[in-house]
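Colleague: coords below, sequence missing:
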């Protein structure tokens, strides 16, 4: 009788334990997702990509425990357009957002688009965004209307305030002149919680975003979650908290150290909660360095030019991904991947359904989960192409794994000059690409030698690909209206 009672009390417990173990195993196979998105960080700004001036021990650790992507690109080298591409899996031109939206903008991300957050929510994930949004500051465009349960951050760039260098200079010349930019607001959800962000507030932002991110992970440790952490740094003006300010190398180095610390806090939290093996962490940047800001800007390393251009220094960014037990530790790949691939890749990993409308990203889960390094010893053979736009809807360049075709256009350049050390920019000069050019990026990462005459078949293929993309997404220079462009969100 006693044995029967004991068995009756133990069996339910055994079944509950068995169900709990199965649940944990299921969660491990459909990962939590953390995307850390840095603003204006260049290809040469962190240790895993060759930086020597500023120590980045936590990013070094992330690379040692994960995979480094040496040919990871954004489809455009400017803020809002780059962010909408990441969150929708679409070339930004398809969804109607170009450039960087400012405080006067009356457009934003359309309600008809499906974001990465909404993909995750379809599978029961908790979702949060802490940091720079920049896809519209009116309530209808804010993160909480586009799949995020929680939002805290700035609606646009941290220099869009009355203390922008150009704003300050114009008021010095004419004290009666009103600022070009209004006060900078901080949002929580869809409400402004600080209508006038100050310099002291900006010093605390990286730390505040990180602390909120850590708390979100702890709160949702027993359920799947998607955390989007788009830091305002290392975009000018540069600010760091007391713990990092003045540690050597100038304000840019301080900001990089604090961003690295932020990565460390995320990894440490995942380790402490035993969530590391069930969490994919992605670290990358929205575009290359804003070179006109001199020592307050980063470095594109061996790449040509920087932010605001379609050269590799503008569009190729540092990228590291970590998922212990799934992504092989200490590996790297030179296969082409883009921010537009994150949405379909995550959807594949968590078993979610893709949007019914067209997207441009490709599922790259097999590239992530390869056990070997993935570093090629032979020139790339991939036939995939990704169009690179920048100004006014013009197709400026086309990327494949190995090749890059650059079309006639005007771009901004410092022409070899270096900027100042005081945080104010110097003026760019306009340079012109006169003829169609072709670069072999396997042999010439710095885009120094036009090899179009030696590769007529490659040139013909890429020209045909470009024509197909123009038919789909348009080209303002050639006066082509794209038939695949969807309406941008507009304020009613």
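Modeller: In hand now; what should we look at? Note that this is a predicted model, so its numbers are computed, not measured. Residues are numbered from 1 along each chain as shown.

Colleague: any stretches of this structure with poor pLDDT?
Modeller: Counting by pLDDT under 70, the chain shows low-confidence ranges at 1-29, 372-382.

Colleague: residue 332 - nearest residue in space that isn't next to it in sequence?
Modeller: Nearest non-adjacent residue to residue 332, counting by C-beta to C-beta, 6 or more residues apart in numbering: residue 68, 4.0 Å away. The C-beta positions use only the backbone N, C-alpha and C, and glycine is treated the same way.

Colleague: verify the stated contact: that neighbour with residue 322.
Modeller: No. Here residue 68 lies out of contact with residue 322, judged by C-beta atoms under 8 Å, at a distance of 10.2 Å.

Colleague: assign the residue nearest to residue 332 to helix, strand or coil.
Modeller: In terms of secondary structure, residue 68 is strand; the call rests on DSSP: H, G, I helix; E, B strand; the rest coil.

Colleague: tell me the contacts of it?
Modeller: 48, 49, 319, 320, 331, 332, 333 (C-beta atoms under 8 Å, 6 or more residues apart in numbering).

Colleague: ok, those vs residue 87, which is closest?
Modeller: Closest to residue 87 out of those is residue 319 (16.3 Å), distances taken as C-beta to C-beta.

Colleague: now the closest one: how far from residue 335?
Modeller: 12 Å (C-beta to C-beta, to the nearest Å).

Colleague: between the contacts of residue 68, which is closest to residue 339?
Modeller: Nearest to residue 339 among those, with distances taken as C-beta to C-beta, is residue 319, at 8.7 Å.

Colleague: residue 319 and residue 335: which is more packed in?
Modeller: The neighbour count for residue 319 versus residue 335, taken as other C-beta atoms under 10 Å, is higher for residue 319 (24 against 18).

Colleague: which ones are touching the closest residue to the more buried one other than its chain neighbours?
Modeller: Distances taken as C-beta to C-beta, 6+ apart put residue 72 closest to residue 319, at 3.5 Å, once the chain neighbours are dropped. Contact partners of residue 72, counting by C-beta under 8 Å, 6+ apart, are 284, 316, 317, 318, 319, 337, 338, 339.

Colleague: mind checking how far residue 72 is from residue 428?
Modeller: Counting by C-beta to C-beta - residue 72 and residue 428 are separated by 26 Å.

Colleague: show me where the stretch 151-300 of the chain has helices.
Modeller: For the stretch 151-300 of the chain, the helices defined by DSSP state H, counting those that start in this stretch occupy 165-173, 199-219, 251-272.

Colleague: deepest in the core, which of these is it.
Modeller: For the helices of the stretch 151-300 of the chain, average neighbour numbers computed from mean count of other C-beta atoms under 10 Å are highest in helix 251-272, which has a mean of 21.

Colleague: next, the angle helix 199-219 makes with that helix.
Modeller: Calculated by axes from the mean of the first three to the mean of the last three C-alpha atoms, to 10 degrees, helix 251-272 forms an angle of 20 degrees with helix 199-219.

Colleague: tell me what helix 251-272 is packed against?
Modeller: Applying 3 or more C-beta pairs under 8 Å, 6 or more residues apart in numbering; DSSP states H and E, we find helix 251-272 packed against strand 32-38, helix 57-64, helix 199-219, strand 279-285.
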